[in-house]
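# give me a model of this one.
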Amino acid sequence: MEIGPRLKLELLKVEDGIDEGVVLYNKNVQKTGPELVALKKEAPKKKKLKKRMEQENERRVFVVSKKQRRPKNLRNRS
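Numbering: from 1, shown residues only. Here you go, the predicted structure:
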């Protein structure tokens, strides 16, 4: 007697890390040698740019949250 359905699993994508690492395997995309070399060369630049953008966004959020608000009695005066 068999209980439950049989599953046929297929490996689609393997990454080094969670949403930040290098793609080690992708069933749908196959890269050539020169493409892999170019990606490895660009990876540090992209990582540095991403980190700089995140820091800039954090700074902007901090600046906006620190701005003083106008008192309620001075808002929307005609």
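# please count neighbours and contacts with C-alpha atoms only from this point.
Fine.
# so where's this structure shaky on pLDDT?
Within the chain, the stretches falling below the threshold (pLDDT under 70) are 63-78.
# quick one: the strands in it, in order.
Secondary structure of the chain, counting by DSSP state E: strands at 13-15, 23-26.
# note down every partner strand of the last one and its orientation.
Pointing back at strand 23-26 there. As defined by DSSP bridges, the strand partners of strand 23-26 come to strand 13-15 (antiparallel).
# could the strands of the chain go into TSV alongside distance to residue 42 and mean neighbour count?
Conversion of the strands of the chain to TSV gives the following (distance: least, C-alpha to C-alpha, whole Å; neighbours: other C-alpha atoms under 10 Å):
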stretch	distance to residue 42	mean neighbour count
strand 13-15	17	13
strand 23-26	14	12
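# would you turn these into JSON lines with distance to residue 33?
Formatted as JSON lines, the entries for those read as follows, by distance: least, C-alpha to C-alpha, whole Å:
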{"stretch": "strand 13-15", "distance to residue 33": "18"}
{"stretch": "strand 23-26", "distance to residue 33": "14"}
